[in-house]
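1. Generate coordinates for the sequence data below:
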Amino acid sequence: MYHGRFKNTHYQAGFHWGEMLRKHGNFIHKQHTFQITEERKKFAMQCLPVYAKYYPEVLEEIKGIADGQQSFYEDLCTFLLSMYCFEFSNHCTCFAFRDQEHIVFGRNSDFLMELEKLYMNCLYQLDSGYSFQGNTTAFVQMEDGVNEYGLAVGLTFVYPKVRKAGFNAGLLVRYLLEKCRTTEEAVAFLHEVPIASQQIITIADALGNMAVVEGNPYVTEVILPKKGEEFVVTANDYNSEKMTPYKNCEEIDDWNSAERYKVAYQALKMQENQFSLKCAKDILSGKYGFMCQYDRKTGADTVWSVIYDIKGQKIYRVEGNPSRKGFKEDKRFKFRN
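-> I've put the predicted structure just below:
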């Protein structure tokens, strides 16, 4: 996993990174797993006005990367803005829980082993917006993270049955980390902004408020903890009745999403709202049932696992599969007191 630090303006941060990648012969939009097609380019260009209205800073960052890579801005936009809208490749499990002693957010990222060297842990401390640390398979987009105010956000992807010009899943997470302090603010933005892709976003803040937001271009459904439960869980399919028409088809390989959801839910339920960091680590590492026990011979694995201890203001991460490696504390990021 590559560790990147991003400072100064959005454009400067993008340029520095793009230039560094170019010097190492790595060009973002030329990944062999991605093809720039006219369909994707047309869709990405339709999304540009939405980002220009709500998040022009990220377009400046993309311009910086393109200039640093000496590549075409349109090609990079096609690669980044159409991501999550056409393919189904990210498979993840996410949960959050709270009690008097803990506010904890946990997430496994399950993905393709062939791209392991491109996965990133990013520390953003830009001239504008909130500082945050996040993890991603998708460059400027984030798939989970926590910001200086203790807002933790994570993505679980759903098969893209529908799409429409708007924010894709990874840039939704990035925006929330950079612009929002609380779960309430994050949920309000998800109701406001046009959305391009199908995804589930789990959110928890320093006040202990948490929510799962199931969304796509046409529906946004907010799920709060059930009565008597102080936790939320999600994997790679919708659970609310309102999202039933958009659920995965039976023939979709969602990497045992239903089983991962059931294991995490039952493990948290049996804690009777008395949680611990050990519980989070044990769930993510598969000690309660199937969670990350992939056969690497198939080309799939859990490529990182992260725990954001929001109340304790600490970050724990495994760079690899948590059933084979231990969590280590990352002390680089500073929360606000």
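2. check contacts around Ser131.
-> Neighbouring residues of Ser131 by Cβ atoms under 8 Å, 6 or more residues apart in numbering: 123-125, 147-148, 333-334. Quick note: C-beta positions are derived from backbone N, CA and C, even for glycine.
3. Revised request: answer the last question for Lys161.
-> By Cβ under 8 Å, 6+ apart, the residues touching Lys161 are 198, 216, 246.
4. Which of the residues you listed has the largest number of neighbours?
-> If you count neighbours using other Cβ atoms under 10 Å, the busiest of those is Gln198, which has 28 neighbours.
5. just to revisit the earlier point, same list (the contacts of Lys161) but as CSV, adding pLDDT.
-> Output for the contacts of Lys161, formatted as CSV (pLDDT from 0 to 100):
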residue, pLDDT
Gln198, 96
Asn216, 98
Tyr246, 95
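6. Show me which of these is closest to Tyr288.
-> Taking Cβ to Cβ as the measure, Gln198 is the one of the contacts of Lys161 closest to Tyr288, at 27.6 Å.
7. Let me know the next secondary structure element after the longest helix along the chain.
-> The longest helix of the chain (DSSP state H) is helix 38-54. Using DSSP states H and E, the helix or strand that follows helix 38-54 in sequence is helix 56-69.
8. any residues touching that following helix, and which ones?
-> Under the criterion Cβ under 8 Å, 6+ apart, residues 9-22, 27-28, 48, 51-52, 72-73, 75-77, 80, 128-129, 139-140, 171, 174-175, 178 lie in contact with helix 56-69.
9. Could you identify the buried members of those residues?
-> 10-18, 21-22, 27-28, 51, 75-77, 80, 129, 139-140, 171, 174-175, 178 (16 or more other Cβ atoms under 10 Å).
10. So which elements touch whatever helix or strand Phe189 lives in?
-> In this structure, Phe189 sits in helix 183-192 according to DSSP H and E. For helix 183-192, the contact count by 3 or more Cβ pairs under 8 Å, 6 or more residues apart in numbering; DSSP states H and E identifies helix 169-179, strand 199-204, strand 210-215, strand 220-223 as packing neighbours.
11. ok, and for the longest helix of the chain, which residues are buried?
-> Neighbour counts over helix 38-54 (16+ other Cβ under 10 Å) mark 40-41, 43-44, 47, 50-51, 54 as buried.
12. Let me have those residues in a markdown table, adding pLDDT as columns.
-> Converted to a markdown table, the buried residues of helix 38-54 look like this (pLDDT from 0 to 100):
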| residue | pLDDT |
| --- | --- |
| Arg40 | 93 |
| Lys41 | 95 |
| Phe43 | 97 |
| Ala44 | 97 |
| Cys47 | 98 |
| Val50 | 98 |
| Tyr51 | 98 |
| Tyr54 | 98 |
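13. all strands for the chain, in order.
-> Along the chain, the segments classed as strands by DSSP state E run 2-8, 91-98, 103-112, 120-126, 132-136, 144-147, 152-157, 199-204, 210-215, 220-223, 231-234, 300-309, 314-318, 328-330.
14. Redo these as TSV? Include distance to Ile283 and mean neighbour count.
-> What follows is the strands of the chain, written out as TSV (distance: least, Cβ to Cβ, whole Å; neighbours: other Cβ atoms under 10 Å):
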stretch	distance to Ile283	mean neighbour count
strand 2-8	26	14
strand 91-98	7	27
strand 103-112	7	25
strand 120-126	21	20
strand 132-136	18	25
strand 144-147	15	28
strand 152-157	14	30
strand 199-204	14	27
strand 210-215	16	23
strand 220-223	19	17
strand 231-234	9	26
strand 300-309	10	25
strand 314-318	13	21
strand 328-330	18	13
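15. For Val263, which of these is the nearest?
-> Nearest to Val263, of these and by Cβ to Cβ, is strand 91-98 at 8.4 Å.
16. count of residues packed around the residue lying closest to Asp99 once chain neighbours are set aside?
-> Of all residues not flanking Asp99 in the chain, Phe275 sits nearest, at 5.2 Å (Cβ to Cβ, 6 or more residues apart in numbering). Residues near Phe275, counting by other Cβ under 10 Å, number 20.
17. Next up, phi/psi of Phe275, please.
-> The phi and psi torsions at Phe275 (degrees, to the nearest 10) take the values phi -100, psi 170.
18. which residues sit in contact with it?
-> Going by Cβ under 8 Å, 6+ apart, Phe275 touches 97-99, 101-102, 104, 230-231, 268.
19. now it: how far from Tyr288?
-> 13 Å (Cβ to Cβ, to the nearest Å).
20. before we move on, what about Glu230?
-> Distance from Glu230 to Tyr288, by Cβ to Cβ: 18 Å.
21. Break this protein into its domains for me.
-> By the assignment in automatic domain parsing, the chain contains the domains 8-81, 91-330.
22. Poorly predicted segments of this structure, please.
-> Across the chain, residues meeting the criterion (pLDDT under 70) sit at 29-34, 88-90, 113-116, 253.
23. So which residue is dead centre in it?
-> Centre of the chain computed as the mean C-alpha position; nearest residue by Cα atoms, centre = their mean is Glu143, 1.6 Å away.
24. just to revisit the earlier point, outside of the helix holding Phe189 itself, list whatever touches it.
-> Helix 183-192 has contacts (Cβ under 8 Å, 6+ apart) with 151, 153, 172, 175-176, 179-180, 201, 203-205, 207, 209-211, 213, 215, 220, 222.
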